[in-house]
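Asker: turn this into a structure:
(chains A and B)
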Amino acid sequence: MGAKQTRSAQKYQDLTDKTGFSPEQIKNLHKRFQQLSDNEETISRENLEKIPALANNPIRKQIIDAFFDKRNQHQNEVGAFQEIGFEQFLMVMSHFRPPTLKTTEEEREAMRKEKLRFLFNMHDTDNDGTITLEEYRKVVEELLSKSGAIGLEAAKAIADAAMLEVASTNVPHMAPDDFYEGITFEHFEQILKGLEMESRMHIRFLDVDTMTMRCGKSKS
Amino acid sequence: RRTTRGLIKQNKLVRAAALLILCSGFSLLCGCRGEVPPKPTGGVTIVPPIKPDNGPQAYPEAEKSNLPVFTMDYPRIQIPFEITLWMLLASFAKIGFHVYHKITIWVPESCLLISIGLIVGAIMHSVHEEPPAVLTSNVFFLYMLPPIVLDSGYFMPTRIMLHLVLWFAVVGTLWNSIGIGMSLFAICQIEAFGVQDINLQENLLFASIISAVDPVAVLNVFEDVNVNEQLYIVVFGECLFNDAVTVVLYNMFSFVAEMPVVEPVDVFLGVARFFVVGLGGMGFGILFGFVAAFTTRFTSKVREIEPLFIFMYSYLAYLVAELFAISSIMAIVTCALTMKYYVEENVSQRSCTTIRHVVKMLGSISETLIFFFLGVVTITTEHEWNWGYILFTLLFAFVWRGLGVLVLTQIINPFRTIPFNLKDQFGLAYGGLRGAISFALAFTLPDNIGRKQLFVTATIAIILFTVFLQGISIRPLIEFINVRRTNRNLGTINVEIHCRLMEHTIAGIEDLCGQWSHFYWKDKFMKFNNRILRRILIRDSRAESSIVALYKKLELQNAMEILDTVSGDISAAPSIVSLYEEKKSSAKPKKKFLAADLRNMHDILSKNMYKIRQRTVAYTNKHTLPNDSQTKEILIRRHTSIRRSLRPGSFQSTSHKYFSLPAGQSLDLKFPPARLSYTDDHETLSEVAYPTRRSRSGRPTRSSSRAMMPLRRLDTLTEAPSVDTVGDGGRITDHGVSRTNSSYSDSHVAPRRHLNSSNDNDSGSVDNLRNNHHEAPEEEEEPQPSSSSPVWAAEPRDGTTRNPLLRRPQWNPKKK
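Answerer: The predicted structure is shown next:
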């Protein structure tokens, strides 16, 4: 029993080094992971799809996909997992770590790039390094998919306009017959240059276990 | 610009000179005469100068003569008259500042107002005038404060980070008042200052007065330098809330200050009372808010008085709370907050605009008056200047504010995703300007407080000090220390999309982590809201009401466009030359108008996202209306200008195509294509049929009045064909100017037009004229500038028909 605990402590330490989460956070996330996986070692798509809170999220599919995307594991692999273990789970989560007061400017920049890459990967489903109009449209459609009749049509138009915008900012002198085949990561960075990601792409991973708190409160 | 500067100078000169002359001329009636001078700027107020001129002379004469040919009864109208003039003067001052915009960038508006007040005060003082005794406690609390607070409450963004704001506003204000009060009391014990007679209660009272921070000026600066969002929100929230907190504290302390002896029990009672007062106010506010919302459910037939309900209910909440001596401010703020959401869906677009404008107007007038009055009072009243007390007040106010911010952020930082850093803290601490509320509270102190004079003086000193020194220096300082900044501008569609994408991702991941977030209760409330509250309070509550609202908005916009077509054409009629010139400049509005398009797209994006949790809101400060209505206005105005460029179809259709309303109900598509008129049958048909179709498909509740507009338009055009001719001329020149590369001409449309133009004499001269001009620019209607204009949507309609990127199915029906 004790050996097991020390082993898991060791494991947490590894993960802390790898992902930057604090041991408490990892512990919390691990609890959640086990809850999601029904105490299995790995999580499958179905596990995630069953989360009730996620049901209303229009980009649920993209989010879940992101977890099974090998590109989000920092290991230069491509393709998709069928199931992910806790480590992979944490790796994906680590994209959303907030910067601390100690984070240096370069680290911030790196984090930003990482987050951008994460977003880019969400778009670029076929992993060809570009976001094509179809892919872009798809995402926008999903985004608007919970909004009734206006969704589909508007989504198309918006995606088109957005695409045209990218094209015009990045390829200013395009011949009329040119075809802008897709947004590359560089262009992607370019268009989101002014956007402050700091305050947006973050989750506060709690140090304390709030799950029990939540249950208690919701019952009362 | 030079002329405007000259104008201002002239203005001021005239004002000052006239002030002097008038004031020295007749010293009978107080400062009201002072307001006469600015009148040269406005045409309406020619009468007032005459009246006071004759007043003092005519009145005694009238008494002597038996048959008054000309009588004046100035005393009868004196009070409202003087109030009106004061308001006018204050408003003129406001106009004055904004004529020359650069002043307000470097010097906060409150500074300028106080300065003008000081000038007026100086003049009045020099002729031994007393300021009108307008600002009494009752007047302030019953008439001037409610608009200010209503303003804050009504325009408070609902998604503000409430806990953070409350933390700083409530705890911060408490901290300040108690801290300053205690330390001042300690100072009072030193004999050298000669203020031993001020007891603790009075010190606390005074401290609560000067702990009200009014960072409107700072907000402006923050907005300009794009300071990061958190900081902005905190300051913004402080600006909203601490009025309330201060007044509650003030009431409490002024009650305590009148008690001869304070026992420990009273302290506890005081604390208890604090909660009773605050929560009671909230309760009344919520109650009245819901009643108001419920009432507006039934006002669809009496649109004219709709806005009135809002004001009356808010005011009622205020008065009732005052009746029970609970926090009337809390009551009015919560009332406004509660009802806003429901009311704005119930009332018509127009009433909504009216409400917003009136609330804003009343609020800013009140505040302007207070500032202005502060300037006057500073000079005209007697001061009790006590160096020690006042200097220490300044010192403590500054120190405790700094300490408070430091401590409070330290406490709250561990709970924040992104902690406040030192620079943020500095910005927060330095932004603690004292403002109108402080002054008003001090000025309306009960007379039985022994050192009232000293308190007023000290308050004025601290206000002047902070407003002038800190207010002017904060911009350079913020820029110097380089506070973390955000680009809060709307940017591009891509940015917007990705913001949303990120929000949803975050929300999803958060759900995935199963972390309890503070959104939990919000979600619960939203559910409750959707299931029960909305059903009771909103007339036609639908699940996707935001979309309905959007449609309504589009509809309204469209109607506005049509209206503007008419007015634009008419106003453009006088001279072709000027038209021609305008056309040249109209190449630019193109881009700006597209910003409005963009905005609409943002609207769609933002409104149709599922429960957006961390949405960045369009904040507003106390002096301006929130963005959306502003842009709407801009949009409308821009339309007029674009209208004049007489290329109506191209712009509207682009905008609407982006919305791409479902084909069945797209009202918008009917009209702009008509103006484009690919075929003339289509044009005549759609123009004639437009009103009927519109009224059929439009929601009768909203579009009843607007449905008339297309009709009117038809009339004008047929009745005054000459107008259109001129317009056509203009249009042709316009195309001549903006023609870039008309390489591509719409060959299959052109012949049909010729055919029709010979046929359609019966269909009225309008079409005929229209045809004439369409022959000229028809190749312009379908040019292919996508290559030449890199701006993505300079001509999106055309660009997209060819651009392989954009094959839009919804454009096809139009061509059929």
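
Asker: quick check: which ranges of chain A have low pLDDT?
Answerer: A:1-9, A:53, A:56, A:76, A:101-103, A:145-155, A:171-180, A:194-200, A:204-220 (pLDDT under 70).

Asker: let's see that with 80 instead.
Answerer: Residue ranges of chain A with pLDDT under 80: A:1-25, A:28-29, A:31-32, A:35-40, A:47-60, A:69-82, A:97-108, A:125-129, A:140-183, A:187-220.

Asker: can you pull out the strands in it?
Answerer: A:43-44, A:83-84, A:130-131, A:183-184 (DSSP state E).

Asker: how far does the first one sit from the chain's center?
Answerer: When you say that, I think you mean strand A:43-44. Distance of strand A:43-44 from the chain centroid (CA atoms, centre = their mean, to the nearest Å) equals 16 Å.

Asker: who are the packing partners of that strand?
Answerer: When contacts are defined as 3 or more CB pairs under 8 Å, 6 or more residues apart in numbering or on different chains; DSSP states H and E, strand A:43-44 packs onto helix A:23-37, strand A:83-84. In this view, the C-beta of every residue, glycine as well, is placed from N, C-alpha and C.

Asker: list the buried residues for the first one?
Answerer: If you call a residue buried by 16 or more other CB atoms under 10 Å in any protein chain shown, then helix A:23-37 has these buried ones: A:25-30, A:32-33, A:36-37.

Asker: so what's the nearest residue to residue A:95 once chain neighbours are set aside up against?
Answerer: Nearest residue to residue A:95 in three dimensions, chain neighbours excluded: residue A:118, at 4.8 Å (CB to CB, 6 or more residues apart in numbering or on different chains). Contacts for residue A:118 (CB atoms under 8 Å, 6 or more residues apart in numbering or on different chains) come out as A:66, A:72, A:95, A:201.

Asker: quick check: residue A:118 vs residue B:322, distance?
Answerer: Separation of residue A:118 from residue B:322 (CB to CB, to the nearest Å): 55 Å.

Asker: same question, residue B:281
Answerer: Note on residue B:281: its distance to residue B:322, by CB to CB, is 10 Å.

Asker: the two: who's more crowded?
Answerer: For residue B:281 versus residue B:322, neighbours defined as other CB atoms under 10 Å in any protein chain shown are more numerous around residue B:281 (28 against 18).

Asker: confidence score at the more buried one?
Answerer: For residue B:281, the pLDDT comes out at 85.

Asker: list phi and psi for it.
Answerer: phi -60, psi -50 (degrees, to the nearest 10).

Asker: of the buried residues of helix A:23-37, which are in range of chain B?
Answerer: Counting by CB under 8 Å from any CB of the partner chain, A:28-29, A:32, A:36 from the buried residues of helix A:23-37 sit close to chain B.

Asker: nearest to chain B among those residues?
Answerer: residue A:32 (4.7 Å; CB to the nearest CB).

Asker: give me the common contacts of residue B:281 and residue B:322.
Answerer: residue B:328.

Asker: mind pulling up the pLDDT for residue B:199?
Answerer: Looking at residue B:199, the pLDDT reads 77.

Asker: how much space between it and residue B:450?
Answerer: In this view, residue B:199 and residue B:450 are 9 Å apart by CB to CB.

Asker: what does residue B:187 give?
Answerer: Distance from residue B:187 to residue B:450, by CB to CB: 16 Å.

Asker: equivalent analysis for residue A:106, please.
Answerer: Residue A:106 is 62 Å from residue B:450, where distance means CB to CB.

Asker: of those two, who's got more company?
Answerer: Using other CB under 10 Å as the criterion, residue A:106 and residue B:450 rank with residue B:450 on top: 12 against 8.

Asker: could you give the number of residues near the spatially closest residue to that one that is not a sequence neighbour?
Answerer: Closest residue to residue B:450 apart from its sequence neighbours, by CB to CB, 6+ apart: residue B:197 at 6.0 Å. For residue B:197, the count of nearby residues is 9 (other CB under 10 Å).
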